[in-house]
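>>> A structural model of the following input is requested.
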Amino acid sequence: MPALVELASDVGEHGGPGLEEVASRAVGGAASASVAGNGATGRLGAPGGGAGAHASPRYKWVALANTTFGVVMATIDSSIMLIALPDVFKGIHLDPLLAGNSFYLLWMILSFMVVSSVLVVSLGRLGDMYGRVKMYNLGFAIYTFTSLVLTVDWMHGQAGAMYLVIARVFQGVGAAFLMANSAAILTDAFPENQRGLALGINNVSGISGSFIGLVLGGILGPIDWRLIFLVSVPFGLAGTLWAYFKLEEDPEAVAARRQRREPVDWPGNLTFALGLVAIMVGITYGIQPYGGRSMGWTSPKVLGELGAGVALLAGFAFIESKSVAPMFRLALFRIRAFTFGVLSSFLAAVARGGLMFMLVIWLQGIWLPEHGYSFSATPLWAGIYMLPLTGGFLLAGPISGILSDRFGSRPFATGGMLLATATFIALEFLPIDFSYSEFALLLLGNGLAMGFFASPNRAGVMNSLPPKHRGAGAGMNVTFQNSAQVLSIGIFFTLVIVGLSASLPLHLTSGLVSQGVPRAEASHIGHLPPVSILFAAFLGYSPLQHLLPAQVLHHLTKAQYEAVVGRSFFPHLISAPFGSGLRTAFDFAAGGCFIAALASWARGKRFVYTERRKASAAAEPVTAETPAMMAAE
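You can find the predicted model right below:
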């Protein structure tokens with residue numbers, strides 16, 4: 001309750017005349033008011049939560065350039081490992097498909113994502129308390145240093161892999177600092193009529209960075225696996241120095257922090273971090289085999305992790321409701337535009353989070369080998385063939401951001417999710433051996449859809465927040481989004497594995513026997529956990545050459561050997577089973593996007609939080625029942 005009273009006090013302080021008149025026009029009766037004061041003028045000292053409060057009119061563009069650079073660097077590293085994993089494992093002399101090594105395969109990818117999900121709310125809150133630019137600069141420095149640390153792994157085998165996993169955790173900490181504070185810095189720097197453009201460029205560039213990372217990983221990994229980390233060091237150093245000398249704390253935010261000194265919510269931080277980590281660990285182990293089953297969702301360990309995570313998060317919610325200075329501002333969910341903006345962001349991330357993995361497996365494991373590419377070359381070309389998706393993001397993001405500044409977030413964010421729904425449905429009807437022009441067109445459409453959604457949605461969320469809670473609110477939004485991506489990966493893999501389990505054993509066994517492989521060995525390969533087959537395809541290995549024992553391969557005739565380890569045999573065997581699971585996954589994605597569209601529409605008309613002059617505030621009493629003050633246009 002202290003948090004609710006505090007937010008109500010903030011709102012009451014900035015309330016304004018004409019509330020009832022404007023509220024009657026607001027969608028759903030949400031508490032609102034017409035834009036008051038000079039929040040969007042950009043004048044020094046103008047009310048508006050810091051927007052335009054910096055002395056130099058060029059500062060906002062410096063802030064946009066640097067924060068976009070930082071976010072792109074962070075998101076590139078979130079995906080650069082996906083394509084470069086075969087080269088990394090080869091470099092540290094570890095076979096990721098052997099029993100006991102799948103942990104390293106998963107956590108080299110997910111450790112970065114999990115840490116950034118867990119910490120981003122806490123670090124956004126620290127930015128509110130101690131300075132967003134300070135926390136952002138610290139994140140750039142940590143990110144750069146750990147990128148250098150990753151390049152000096154001198155160990156091999158499991159020890160070398162564990163070194164990389166731990167270093168990736170700390171790299172994720174630096175990235176979390178960047179992602180948690182960049183949106184708040186931009187919201188402080190830009191007036192409300194330009195925030196959609198700024199946040200759109202920043203957000204879409206960040207999303208595109210994850211696809212750029214695929215191509216960079218494919219280019220740099222074969223040269224030397226250390227380059228995928230080393231390439232970040234000079235850019236990170238330049239970004240760190242640039243941010244340190246050019247970014248400025250918002251003067252109004254500094255003055256407000258001096259007036260209030262709040263303690264760190266350690267109980268909330270710990271229960272939230274432990275609960276979220278437990279759930280994410282449970283999800284990653286849920287897609288791995290257990291006790292003769294193709295997946296581990298019934299494993300006591302997985303059930304215990306998921307149960308413990310839910311219990312800790314329930315405890316976290318209770319702690320936050322009682323805390324004087326909560327980390328997670330639950331009171332912000334009283335703001336309709338914030339609540340439905342975050343909800344639609346979560347649903348969109350669940351719908352699309354596992355898409356990249358599925359597309360990589362589809363391309364690397366089936367389509368590219370069947371079209372003449374060697375298995376070793378497929379990682380790079382998978383990244384290249386997915387570039388239309390990136391192009392759609394880059395094209396739609398800034399345009400939708402500009403339009404949302406004028407017309408509000410709802411029509412564009414909702415329309416983006418409806419278009420995404422249509423593209424996922426269309427992908428269901430695409431044959432496994434597709435025409436690339438059709439595939440590229442659908443990827444472009446999906447990228448456009450996500451770009452039209454992401455920029456306006458983020459601008460709508462940030463515009464709805466009181467200035468002193470922008471860091472925490474931005475962190476909450478990013479946490480929901482990143483956590484949803486991990487959840488989505490678990491869901492997508494589960495749906496595809498279910499589809500594979502139904503028919504893959506029969507297809508693989510009969511296909512191998514027809515090429516002279518002994519039935520016992522063929523049956524063994526056919527009944528391997530489907531996730532092993534997916535991981536082999538995902539890594540760009542020649543799966544059957546890797547899975548069949550050398551002595552079995554040596555007893556085959558030359559023609560049989562060339563057929564079994566050739567480019568088309570394995571893709572042909574798994575095409576039908578994989579296609580069945582993939583279509584189910586696309587059904588799920590389409591449904592998630594449609595529900596996200598409904599949530600986006602429910603946000604109401606355009607809302608912008610606007611501060612009123614202190615004189616007006618002094619004329620009105622503050623009560624705990626005061627509704628969240630917004631501006632509706």
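>>> what residues are up against the residue lying closest to Ile212 once chain neighbours are set aside?
Nearest non-adjacent residue to Ile212, counting by C-beta to C-beta, 6 or more residues apart in numbering: Ile76, 5.6 Å away. All C-beta atoms are positioned from the backbone trio N, CA, C, and that covers glycine. Taking C-beta atoms under 8 Å, 6 or more residues apart in numbering as the criterion, Ile76 is in contact with Gly209, Ser210, Ile212, Gly213, Leu216, Ser232.
>>> what's the neighbour count on the second one?
For Ser210, the count of nearby residues is 22 (other C-beta atoms under 10 Å).
>>> and for Ala176?
By other C-beta under 10 Å, the residues close to Ala176 number 30.
>>> I figured it was touching Val114, is that so?
No - using C-beta atoms under 8 Å as the test, Ala176 is too far from Val114 to be in contact (10.4 Å).
>>> still on that earlier bit, name the nearest of the contacts of Ile76 relative to Leu419.
Ser210 (20.0 Å; C-beta to C-beta).
>>> which element, helix or strand, includes that closest one?
helix 195-223 (DSSP states H and E).
>>> what's the distance between the residue most central in space within the chain and Gly353?
For the chain, the residue nearest the mean C-alpha position is Asn482 (4.0 Å; C-alpha atoms, centre = their mean). Asn482 sits 9 Å away from Gly353, going by C-beta to C-beta, to the nearest Å.
>>> before we move on, back to that, now do the contacts for the residue nearest to the centre of the chain.
Met113, Ser116, Ser117, Val120, Ala349.
>>> pLDDT weak spots in the stretch 201-350 of the chain?
The stretch 201-350 of the chain contains residues with pLDDT under 70 at 253, 255-261.
>>> which element is the residue nearest to Leu403 when sequence neighbours are not counted on?
Nearest residue to Leu403, sequence neighbours excluded (C-beta to C-beta, 6+ apart): Phe412, at 5.9 Å. Per DSSP H and E, Phe412 falls inside helix 410-428.
>>> ok, and for that helix, which residues are buried?
Neighbour counts over helix 410-428 (16 or more other C-beta atoms under 10 Å) mark 410-427 as buried.
>>> report all helices and strands that it contacts.
The contact analysis (3 or more C-beta pairs under 8 Å, 6 or more residues apart in numbering; DSSP states H and E) places helix 410-428 against helix 336-352, helix 387-407, helix 436-463, helix 569-601.
>>> how about JSON lines for those helices, with distance to Ala243 added?
Converted to JSON lines, the helices and strands packed on helix 410-428 look like this (distance: least, C-beta to C-beta, whole Å):
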{"stretch": "helix 336-352", "distance to Ala243": "26"}
{"stretch": "helix 387-407", "distance to Ala243": "22"}
{"stretch": "helix 436-463", "distance to Ala243": "20"}
{"stretch": "helix 569-601", "distance to Ala243": "33"}
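>>> can you list those in a markdown table and add mean neighbour count and distance to Ala308?
Putting those into a markdown table (neighbours: other C-beta atoms under 10 Å; distance: least, C-beta to C-beta, whole Å) gives the following:
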| stretch | mean neighbour count | distance to Ala308 |
| --- | --- | --- |
| helix 336-352 | 25 | 22 |
| helix 387-407 | 22 | 36 |
| helix 436-463 | 25 | 30 |
| helix 569-601 | 22 | 26 |
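>>> Serialize the contacts of Asn482 to CSV and add fields for distance to Gly604.
What follows is the contacts of Asn482, written out as CSV (distance: C-beta to C-beta, whole Å):
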residue, distance to Gly604
Met113, 32
Ser116, 30
Ser117, 28
Val120, 26
Ala349, 22
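>>> out of those residues, who's nearest Pro251?
Val120 (25.5 Å).
>>> contacts only, for the closest one.
With C-beta under 8 Å, 6+ apart, Val120 has these contacts: Ala176, Met179, Ala180, Gly475, Val478, Thr479, Asn482.
>>> closest to Ser205 among the residues you listed?
Among the contacts of Val120, and counting by C-beta to C-beta, the member closest to Ser205 is Met179, at 12.4 Å.
>>> where does the prediction get shaky in this structure?
1-55, 99, 253, 255-261, 540, 611-633.
>>> could you chop it up by domain?
Following automatic domain parsing, the chain resolves into domains at 2-37+614-632, 59-264+325-500+577-608, 265-324.
>>> pick the most buried one from those domains.
domain 59-264+325-500+577-608 (a mean of 22; mean count of other C-beta atoms under 10 Å).
>>> do me a favour and get the end-to-end distance for that domain?
22 Å (C-alpha to C-alpha, to the nearest Å).
>>> out of the helices and strands packed on helix 410-428, which comes closest to Leu105?
Using C-beta to C-beta, the nearest of the helices and strands packed on helix 410-428 to Leu105 is helix 569-601, at 18.9 Å.
>>> residue ranges of the helices in the stretch 151-300 of the chain, please?
157-189, 195-223, 227-230, 232-246, 251-259, 266-286, 300-322 (DSSP state H, counting those that start in this stretch).
>>> elements contacting the third one?
Contact partners of helix 227-230 among helices and strands, from 3+ C-beta pairs under 8 Å, 6+ apart: helix 59-91, helix 132-150, helix 195-223.
>>> please apply the same query to the fourth one.
In this structure, helix 232-246 packs against helix 59-91, helix 132-150, with contacts taken as 3+ C-beta pairs under 8 Å, 6+ apart.
>>> can I get those helices in a markdown table with distance to Arg470?
Formatted as a markdown table, the helices and strands packed on helix 232-246 follow (distance: least, C-beta to C-beta, whole Å):
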| stretch | distance to Arg470 |
| --- | --- |
| helix 59-91 | 13 |
| helix 132-150 | 8 |
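>>> list the contacts of the residue nearest to Ala454 when sequence neighbours are not counted.
Distance criterion C-beta to C-beta, 6+ apart; nearest residue to Ala454, sequence neighbours excluded, is Asn203 at 5.1 Å. Contacts for Asn203 (C-beta under 8 Å, 6+ apart) come out as Ala183, Gly397, Ala454, Ser455, Arg458.
>>> can you check Lys246 too?
Neighbours of Lys246 in contact, by C-beta under 8 Å, 6+ apart: Val62, Asn66.
>>> ok, 6 Å please
Lys246 makes contacts with Val62, as judged by C-beta atoms under 6 Å, 6 or more residues apart in numbering.
>>> surely Arg508 and His524 touch.
Not Arg; residue 508 is Leu. No - the pair Leu508 / His524 is not scored as a contact, 10.0 Å apart, by C-beta atoms under 6 Å.
>>> quick one, which of those two is more surrounded?
Comparing Leu508 with His524 by other C-beta under 10 Å, the one with more neighbours is Leu508, at 28 against 18.
>>> the more buried one is in what secondary structure piece?
Per DSSP H and E: helix 470-513 holds Leu508.
>>> C-terminal to that helix, what's the next element?
helix 519-526.
>>> now Arg168. Nearest residue, chain neighbours left out?
Per C-beta to C-beta, 6+ apart, closest to Arg168 is Ser111, 4.6 Å.
>>> same question for Phe480.
Phe346 (4.3 Å).
>>> and for Ala522?
Nearest one to Ala522, counting by C-beta to C-beta, 6+ apart, is Leu512 at 3.7 Å.
>>> just Phe229 next, same as before
Nearest to Phe229 is Leu150, by C-beta to C-beta, 6+ apart, at 3.9 Å.
>>> distance check, the one you found against Val231.
Distance from Leu150 to Val231, by C-beta to C-beta: 11 Å.
>>> likewise Val169?
20 Å.
>>> now Phe424: closest residue in space that isn't a chain neighbour?
Here the residue nearest Phe424, using C-beta to C-beta, 6+ apart, is Ala590, at 3.9 Å.
>>> test my guess that that neighbour contacts Thr421.
Yes - under the criterion of C-beta under 6 Å, Ala590 makes contact with Thr421 at 5.0 Å.
>>> distance to Glu305 for the contacts of Asn203 - can I get that in CSV?
Formatted as CSV, the contacts of Asn203 follow (distance: C-beta to C-beta, whole Å):
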residue, distance to Glu305
Ala183, 31
Gly397, 36
Ala454, 31
Ser455, 35
Arg458, 31
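>>> which one of the residues you listed is nearest to Met81?
Closest to Met81, out of all of the contacts of Asn203 and judged by C-beta to C-beta, is Ala454, at 23.0 Å.
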